[in-house]
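# What follows is a predicted structure for the sequence shown.
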Amino acid sequence: MLRGLSKGLTHLIDFDSEYLVSMVCRDSRDRVILNVLRAAGSAGLAPRMIYGKVYRYGLKYHHITRRIKRMNKRVAAEIGERVADKVGRNWALSGFMLHNWSAKTSEIETEM
C-alpha cells in the first residue's frame with residue numbers, strides 16, 4: 001500500500017536521501033557511480049568517462065550502463081521515477097534525483 005501511495009504522490013513528497021540511496025544502490029559500486037554522476041552535474045558523462053573514474057572498483061566499461069539501467073528499474077518499480085536519464089550519449093542524474101538527493105546531501109554537508 002505504501003508503494004502505491006508513494007507512486008501517486010511522488011511530486012509532493014520529498015524523499016530522505018538515505019532512503020533513496022538504500023533503495024537505489026545494491027553495493028558500494030552503485031554508490032560510486034551515483035557520486036560520479038552527481039559530480040558531473042546536469043550535462044552528465046559518457047559511460048567511458050564514468051568508467052575512467054570507477055575502474056579501480058573492479059567495474060568493466062560495459063557494466064556502467066547495465067548498472068545504471070538496473071538502478072532505474074529498481075526505482076521505477078518502487079516509486080515510479082528514474083535515477084538517471086540519457087542526455088545524448090551521456091548519462092546524467094534525473095531531475096527527481098537532483099531535487100531529492102543532491103540538494104539534501106549538500107545541505108547536510110553545510111550543516112556539519
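Here it is on my side, so go on.
# pretty sure R74 contacts M23?
Yes: between R74 and M23 there is a contact at 6.6 Å, judged by CB atoms under 8 Å. Placement of C-beta: from N, CA and C, glycine included.
# Could I get the buried residue list for the helix or strand that K73 is a member of?
Using DSSP states H and E, the element containing K73 is helix 61-79. Under the neighbour-count criterion of 16 or more other CB atoms under 10 Å, helix 61-79 has H63, I64, R67, I68, M71, N72, R74, V75, E78, I79 buried.
# Pick the one among those closest to K53.
I64 (9.9 Å; CB to CB).
# how much space between the nearest residue to that closest one once chain neighbours are set aside and E18?
Nearest residue to I64, sequence neighbours excluded (CB to CB, 6 or more residues apart in numbering): P47, at 4.4 Å. Applying CB to CB, to the nearest Å, the value for P47 to E18 is 27 Å.
# Tell me which of the two has more neighbours.
Ranked by neighbour count (other CB atoms under 10 Å), P47 and E18 place P47 first, with 18 against 12.
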